[in-house]
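Novice: sequence plus predicted model, see below.
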Amino acid sequence: MKLILLFNTIKYLKPTQIYYRIFYVARNKIRKVAGFTYPLEVEATSTDLALEPSIVSYSSYENNRFTFLNFSTIFDKEIDWNYKKHGKLWTYNLTYFDYLFQENMTKETGLMLMNDFIDNSHTHKDALEPFPIALRGINWIKFLVKYQTKDAKIDNSLYAQYKILVDNLEYHLLGNHLLENGFSLLFAAYYFQDPLFYAKAKKILTQELEEQILSDGAHFELSPMYHQIMLFRVLDCINLVTNNNYMNKEMETLLVTKAKRMLAWLKNITFEGGEIPLFNDSTKAIAPTTSELLMYAKRLNIDYPEDVVLNESGYRKIKRDRYECIVDVGKIGPDYIPGHAHADTFSFELYIDSKPFIVDTGLSTYETNERRFDERSTSAHNTVEVSEKNSSNVWGGFRVAERSKITYLEEKDNKITATHDGYKKKMDILHTRYWAFEMDKITIKDNLSKNAISVARLHFHPDITEPMIQNSVSIQNNAYKIKEYKYADEFNKCTKALVMEIELEKEVEVKIKL
């Protein structure tokens with residue numbers, strides 16, 4: 001069974017991913033035998049750059065206390081840059097250096113932290129992986145430019161780190177990882193006036209932005225949070241290119257064109273109150289908010305179309321006087337990199353009077369554990385779970401084997417009807433969902449192509465009480481229960497909330513009245 005699971009996961013990979021996975025493993029084994037190590041400093045010369053102010057970070061540092069992902073750690077003596085007790089993502093964040101852009105960070109403290117990191121370079125593990133290098137590189141360069149600081153020790157370390165990055169570009173992963181590599185190399189190219197870094201950055205950004213930004217402006221991994229992160233990087237690169245003269249600013253047109261499309265999609269997918277839907281791997285207090293990104297774009301003089309037709313992303317937003325509803329009638333993500341996807345086909349979020357009512361259950365961890373599996377499962381979303389199976393076969397921390405596909409989609413007259421085949425292969429069942437959006441009511445009908453013991457769920461925001469649910473939601477001829485679940489709108493944070501579980505074998509109709 002495990003071999004079948006692996007085959008149904010690997011078969012979607014691009015040849016490039018398979019080649020680089022094999023190449024990097026083989027190369028590392030050869031290098032280990034040969035005793036190869038990268039130099040941790042390479043003599044370099046940096047150039048003066050100019051940048052507009054960017055966006056303040058959620059991460060924080062004060063008196064040897066680092067806080068991010070809702071965990072804090074105090075290092076009484078030396079900073080342990082390999083600290084593991086909060087999981088690998090926390091360790092990564094420790095080495096990203098996002099806290100250089102907290103509100104009260106001083107030049108002296110920032111330089112002290114950078115120098116401490118460099119002094120302990122020989123002990124680093126996760127920190128010298130390509131992804132942390134890419135994010136840290138952008139942060140270091142932005143910080144040095146902000147304070148117009150020249151430091152040969154930092155420059156030599158940073159240049160050596162970029163040499164490691166350019167030798168380990170994440171072609172085995174692709175997606176947002178490779179895009180981050182490209183963004184960072186563009187900063188390195190400008191900072192060090194390095195034509196090799198520039199050529200690599202140009203190739204990656206030209207190819208990946210064209211593929212990863214869909215026709216309606218969404219980032220193709222279909223996580224609104226990652227869309228915000230990728231847009232932030234694009235805006236930072238526009239800041240870099242427009243304010244500095246290198247290579248005739250030839251990347252400016254591409255970056256601005258993509259930014260405009262991404263801004264329009266984000267503005268339209270965001271609820272009026274400023275929150276994004278937490279589809280796929282999305283949570284709060286990680287990416288810059290929509291409001292912050294729109295303001296940053298304004299500072300950079302980037303305008304964008306106010307309206308966009310949501311199409312290729314598979315998300316649809318229906319807005320009436322008193323409610324906004326965003327539904328998912330698309331694919332789970334790109335076939336070859338669905339690591340941030342959930343088994344959530346036909347899920348939706350509903351805000352009434354600008355307040356959350358029915359919500360996605362959120363994201364609290366990237367650790368490969370039961371909680372991660374639960375948060376990616378169909379049962380954690382506002383859709384139908386058939387015979388206790390997931391509509392897409394999510395497994396591990398970031399893997400998907402067989403995945404749901406939309407086989408029918410019709411949109412007309414304030415109605416959406418769609419069918420997916422996520423249960424077709426194992427149970428020969430198709431799931432069809434029908435939405436009707438009226439001014440004061442939403443009707444949702446679910447139909448299975450044949451009988452099966454199933455559950456339709458509606459997850460409510462923690463502020464929603466059982467009397468409020470009973471007053472607004474009506475079920476026709478189906479038994480239901482109201483139970484508790486864990487709502488996770490930030491990493492490592494869960495709040496008790498209510499979920500309605502509706503029993504069905506063939507069909508169910510739900511009416512939500514305002």
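Specialist: Looks like it came in fine.

Novice: quick one: the helices in the stretch 51-200 of the chain?
Specialist: 88-96, 107-119, 130-146, 152-166, 175-192, 195-212 (DSSP state H, counting those that start in this stretch).

Novice: I'd like the mean pLDDT over the first one, please.
Specialist: For helix 88-96, the mean pLDDT works out to 97.

Novice: quick one: list the elements packing against that helix.
Specialist: Contacts defined by 3 or more Cβ pairs under 8 Å, 6 or more residues apart in numbering; DSSP states H and E place helix 88-96 against strand 65-68, helix 130-146. (C-beta placed from N, C-alpha, C; glycine too.)

Novice: pLDDT wise, what is Ile213 at?
Specialist: 98.

Novice: how about the helices and strands packed on helix 88-96 in a markdown table, adding mean neighbour count?
Specialist: Formatted as a markdown table, the helices and strands packed on helix 88-96 follow (neighbours: other Cβ atoms under 10 Å):
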| stretch | mean neighbour count |
| --- | --- |
| strand 65-68 | 18 |
| helix 130-146 | 23 |
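
Novice: any chance of TSV for those, columns distance to Met295?
Specialist: Formatted as TSV, the helices and strands packed on helix 88-96 follow (distance: least, Cβ to Cβ, whole Å):
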stretch	distance to Met295
strand 65-68	23
helix 130-146	17
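
Novice: still on that earlier bit, out of the helices of the stretch 51-200 of the chain, deepest packed?
Specialist: helix 175-192 (a mean of 25; mean count of other Cβ atoms under 10 Å).

Novice: tell me what that helix is packed against?
Specialist: So helix 175-192, by 3+ Cβ pairs under 8 Å, 6+ apart, packs with helix 130-146, helix 152-166, helix 195-212, helix 224-242.

Novice: JSON lines for those, including distance to Phe398?
Specialist: Formatted as JSON lines, these follow (distance: least, Cβ to Cβ, whole Å):
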{"stretch": "helix 130-146", "distance to Phe398": "13"}
{"stretch": "helix 152-166", "distance to Phe398": "21"}
{"stretch": "helix 195-212", "distance to Phe398": "17"}
{"stretch": "helix 224-242", "distance to Phe398": "13"}
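
Novice: go through those helices and name the closest to Asn120.
Specialist: helix 152-166 (11.1 Å; Cβ to Cβ).

Novice: run the angle between the closest one and helix 175-192 for me.
Specialist: Interaxial angle, helix 152-166 versus helix 175-192 (axes from the mean of the first three to the mean of the last three Cα atoms, to 10 degrees): 140 degrees.

Novice: the residue nearest to Glu52 when sequence neighbours are not counted - how many residues pack around it?
Specialist: Distances taken as Cβ to Cβ, 6 or more residues apart in numbering place Asn239 nearest to Glu52, at 5.3 Å, with adjacent residues excluded. Using other Cβ atoms under 10 Å, Asn239 has 21 other residues around it.

Novice: hang on, isn't Asn239 packed against Leu300?
Specialist: Yes - Asn239 is within contact range of Leu300, at 6.0 Å (criterion: Cβ atoms under 8 Å).

Novice: next helix or strand past the helix or strand where Leu293 lies?
Specialist: Using DSSP states H and E, Leu293 maps to helix 290-299. Downstream of helix 290-299, the next assigned helix or strand under DSSP H and E is strand 315-319.

Novice: picking that back up, between Asn239 and Leu300, which contacts overlap?
Specialist: Overlap of the contact sets of Asn239 and Leu300 (by Cβ atoms under 8 Å, 6 or more residues apart in numbering) consists of Glu52.

Novice: Arg233 contacts Leu179, doesn't it?
Specialist: Yes - counting by Cβ under 8 Å, Leu179 is a contact partner of Arg233 at 7.4 Å.

Novice: many thanks, I have nothing further to ask.
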